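Visitor: need a structure here:
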Amino acid sequence: MRILIFTTLVTLTFLNKTISQSTSTPLEYIEHFSKEFVHIQSLQIEYSSFLVYTRSDIAEDKRQELLKATKKIHDRFENFEAMEDDKGVKASAVGVLESMLDIGNKNYSTLAAEEVGCHDCFASVLKEYEFSDKDSEKMGKGMDQLIKNIDVFAAANNIEMIEDATNHETMLGKINRLNRYLRELDLANMEVQYADNEITKAMNNKDYSKAKEMVKNLSKAAANAAKRLKKVERIKEDVTAYTQSQKLVDFFKTTAKTIYPDMLSAYDKKGNVINEKVDLYNESIQKLNSKIPTLTNKYENAKLNLQQRHIPKPQTDVKRI
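Guide: Predicted structure coming up:
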């Protein structure tokens with residue numbers, strides 16, 4: 001699983017301030033860092049657009065472009081001569097970019113799989129987010145320190161930083177807020193989907209005793225997923241994604257309670273379908289095959305619709321295939 005390079009809100013507070021002073025060397029020094037971070041933000045927004053509107057391989061190309069651009073800016077910062085007593089501005093700016101590069105280059109999926117002992121499993125997904133969140137928190141602290149250092153440097157050089165009272169949420173901030181919200185919905189869905197996959201694996205292996213055990217796990221997973229959804233703070237932009245996620249989780253509750261038990265009851269001890277229960281077995285299969293893909297698609301379409309209503313299209317003409 002590939003995640004957004006920057007999972008935290010990388011909105012530079014000092015960019016939302018105006019500087020009430022004519023051109024000066026200290027002022028130009030601050031503006032140098034500000035402009036470079038603005039450029040990175042624009043590239044992040046572009047990458048987010050490609051994730052939503054294009055194929056994954058095209059978005060990956062954009063991700064690599066973002067990484068290369070970030071590395072170039074990082075190197076420029078490192079080679080940029082710091083002003084005397086710059087209050088740690090340069091060092092903290094370099095540190096933030098190092099955190100960005102670390103997050104962008106790290107394969108969280110592999111690290112998580114090694115930690116939990118399985119690759120395609122829900123535990124691995126949770127561990128992946130745990131690792132990325134930890135790194136993002138570190139980057140966020142670095143960003144806070146950069147902003148603090150800039151404010152101290154500005155005050156020491158008689159540069160007045162004025163808060164922009166008319167400032168609204170930045171586009172990058174909105175994108176990250178939407179993605180965090182959808183991540184919580186995804187986690188609820190993945191918890192039941194991974195549990196359901198284990199039942200399918202057991203039945204394909206004709207291990208029906210294990211399948212019954214996995215049905216119990218699905219019931220627990222559905223209960224946990226429902227709790228996850230209750231904790232999700234709804235956002236005003238979402239009209240249907242939450243509801244569709246809830247419907248999917250609710251259906252998996254039903255599958256664990258009635259559909260899978262009915263299906264498994266149709267087998268005898270030798271693993272053959274009992275003649276008298278063929279209709280029950282077929283009805284159970286039909287319910288699963290018709291409802292799960294339909295509900296999953298409805299959720300994915302609702303999620304995509306939410307993203308496309310609030311995330312701008314790429315500047316170039318691309319198609320999602």
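Visitor: Mind jotting down where the strands sit in this structure?
Guide: Under the criterion DSSP state E, strands of the chain are mapped to 17-19, 161-163.
Visitor: hey, C-alpha coordinates of stretch 151-167 in PDB?
Guide: Output of stretch 151-167 as PDB, limited to C-alpha atoms (Å, rounded to 0.1, in the frame of the first residue of the first chain):
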ATOM      1  CA  ASP A 151       9.200  34.300  14.300                       C
ATOM      2  CA  VAL A 152      12.200  34.800  16.700                       C
ATOM      3  CA  PHE A 153      14.400  35.700  13.800                       C
ATOM      4  CA  ALA A 154      11.800  38.200  12.500                       C
ATOM      5  CA  ALA A 155      11.400  39.800  15.900                       C
ATOM      6  CA  ALA A 156      15.200  40.100  16.300                       C
ATOM      7  CA  ASN A 157      15.500  41.900  13.000                       C
ATOM      8  CA  ASN A 158      12.400  44.200  13.400                       C
ATOM      9  CA  ILE A 159      10.400  42.300  10.800                       C
ATOM     10  CA  GLU A 160       6.700  42.500  11.800                       C
ATOM     11  CA  MET A 161       4.800  39.300  11.100                       C
ATOM     12  CA  ILE A 162       1.100  40.100  10.900                       C
ATOM     13  CA  GLU A 163      -1.600  37.300  11.000                       C
ATOM     14  CA  ASP A 164      -3.800  37.300   8.000                       C
ATOM     15  CA  ALA A 165      -7.300  37.500   9.600                       C
ATOM     16  CA  THR A 166      -9.000  36.700   6.200                       C
ATOM     17  CA  ASN A 167      -7.000  33.500   5.700                       C
END
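Visitor: could you give the mean pLDDT of it?
Guide: Mean pLDDT, computed over stretch 151-167, is 79.
Visitor: got it, and stretch 313-321?
Guide: 61.
Visitor: same thing with stretch 30-48?
Guide: 92.
Visitor: Same question for that stretch: list its buried residues.
Guide: Buried residues in stretch 30-48, counting neighbours by 16 or more other CB atoms under 10 Å, are found at 30, 33-34, 36-37, 40-41, 43-48. Quick note: C-beta positions are derived from backbone N, CA and C, even for glycine.
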